[in-house]
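[1] Sequence first, then the predicted structure:
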Amino acid sequence: MTRELRQLRQIAGRLQAVVRQRTRLVNQLHQLLARTYPELAVQVKDITAGWVLERLTRYPTATALARATEADLQAIPYLPHDRVPNLLARARDSVAGLDGALIEELVRDQRRQVRDTSARQNRLENLLVSAYHALPDKSHLDTITGFGDVTAAVLTAFVLDVNRFPTAGHLVKYFGVLPIEASSGVTREGTPRGPKRYVMSPRGNDLVRRYPWMAARSAARHNPAGRALYARVRAKHPDRPAIAIGHVMRKLLHLAFAIGKTGNPFDPNHYPWHAPAPVESGEIAAAGDPPGGQVQAAGPRPAGPAKQEVTATGTPTVPPGAGPVDGPVWVDFAHVRAQVPMTRVLDQLGLGARVRGAGAQRRGACPIHRGDGRGRTFSVNVALNKDQCFDARCQSQGDVIDLWAAVHRLSLREAALDRVRTFGLEPAPGSEKRNG
């Protein structure tokens, strides 16, 4: 590690401490306002906005605000005038439980700490950017559309050397940008209660997750790769935009990995990112990430135009050596099974660390009926590409396609199609590989 990189890492560590301190102070301010002006939380999304902090200086409590006039509030810088009547009406009907001169001074003190910590964060960010630009070897992360200098500097400080990560998937898992199953708990028998849902993993550095998340919101509008992916995921989850932002965040880490491996800056026109992709499940894989995280250039391979597919277990109708076919294409299940080993499927499903063992036979928690990651009823033979769960309530068993279908809740036909798209496989012997 060079001297310049050590300096960058030290500044990033200090910035992380200040960001955590600011978050704690903002939470304390929220708790205080819940007792002095609880109606404010439903009126503003960000209590650290400039006009909100200035209002807390002049009118710390609901009682103090109720004594003000519209002209008084309109004199507060950056306070939208259309908010003034509602602020006064809510303050005069407030159910606040704390009031008085001492409470007002307490609110002003808490507001002062939040503003001071924000100023310290800005100074450290500027210092971090200066250290980033002083690095002898440029990382080119700031060329990715959506990444600012601060985000590029933070990633560089904590990645250090991209060669530490064999694939882009390892980089993604290192920072925890992947979904995990969450439920309301399990019964005494280990059966999950309530409907299953997926949330972003809490694993990873909180500072790194903070800045790429904000970068993903920008990339969803301005980065061609992120914009295409965001549109596809939003079409599938129209009422949950945070899922699409999480996918874009993961895409940005894949781009960062590609740029680190190739040493080339990001080229937004390197691939036709807007090309449609056949998506039934696994939107991230369909967004153009190459199988196994292998990198071709300064960006992952894009999804190609969709072709209609029909699967069957019989002999493929596409003759060996045939070129692209415009009509329906048969998919040979045996051929699809043989192209990707079980170890690679486990890594793609995020199960590589869950099943353990020194030899071909590995054991761990069943990914099908145990969402909490506990137990050792799931057995995988990576040499035979077979899996089985010995729990009497599950008893699932099969090969790589059966496992893919069970984890993603797909039929065998849908699972085979999804594997072809995800790993870029040949749907039948002699046919072209699928990109997407």
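    Structure's in. What do you need? Numbers count the residues shown, from 1 in each chain.

[2] rest of the way, CA atoms for contacts and neighbours
    Fine.

[3] Could you give the number of residues near S411?
    Number of residues near S411 (other Cα atoms under 10 Å) recorded here: 14.

[4] and the spatially closest residue to M342 that is not a sequence neighbour, how many neighbours?
    Closest residue in space to M342, ignoring its immediate chain neighbours: N385 at 5.1 Å, by Cα to Cα, 6 or more residues apart in numbering. By other Cα under 10 Å, 19 other residues sit near N385.

[5] Can you list the helices and strands that the strand or helix carrying G260 packs against?
    Using DSSP states H and E, G260 sits within helix 241-262. Secondary-structure packing of helix 241-262 (3 or more Cα pairs under 8 Å, 6 or more residues apart in numbering; DSSP states H and E): helix 168-174, helix 206-222, helix 224-236, helix 283-286.

[6] could those go into TSV alongside distance to P429?
    Listed next are these as TSV, based on distance: least, Cα to Cα, whole Å:
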stretch	distance to P429
helix 168-174	28
helix 206-222	38
helix 224-236	30
helix 283-286	22
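
[7] R108: which of those is closest?
    Comparison of the helices and strands packed on helix 241-262 against R108 by Cα to Cα identifies helix 206-222 as nearest, at 27.6 Å.

[8] hmm, who's touching that closest one?
    By Cα atoms under 8 Å, 6 or more residues apart in numbering, the list of residues contacting helix 206-222 from outside reads 16, 19, 145-148, 150-151, 154-155, 158, 175, 177, 226-230, 245-246, 248-249, 252.

[9] Show me which of these are buried.
    Buried subset of the contacts of helix 206-222 (neighbour count, 16 or more other Cα atoms under 10 Å): 16, 19, 145-148, 150-151, 154-155, 158, 175, 177, 226-230, 245-246, 248-249, 252.

[10] what's the neighbour count on the residue lying closest to R374 once chain neighbours are set aside?
    Leaving aside its sequence neighbours, R374 sits nearest to A365 (Cα to Cα, 6+ apart; 5.2 Å). Applying other Cα under 10 Å, we find 21 other residues in the vicinity of A365.

[11] how close does A365 get to R356?
    Distance of A365 to R356, given as Cα to Cα, to the nearest Å: 10 Å.

[12] do the same with C366
    To R356, C366 is 12 Å away according to Cα to Cα.

[13] so what's the backbone phi/psi at Q28?
    phi -70, psi -40 (degrees, to the nearest 10).

[14] Tell me who's in contact with it.
    Q28 neighbours (Cα under 8 Å, 6+ apart): Q110.

[15] Roughly how far does it sit from S94?
    Look at Q28 and S94: by Cα to Cα, they are 20 Å apart.

[16] Would you mark the buried spots in the helix holding G260?
    Residues of helix 241-262 classed as buried: 243-261 (neighbour count, 16+ other Cα under 10 Å).

[17] and what of stretch 36-44?
    T36, Y37, P38, E39, L40.

[18] and what of stretch 216-229?
    Across stretch 216-229, burial judged by 16+ other Cα under 10 Å covers 216-221, 223-229.

[19] what does stretch 132-143 give?
    Y132, S139, H140, L141, D142, T143.

[20] That's all I had, so thanks and see you.
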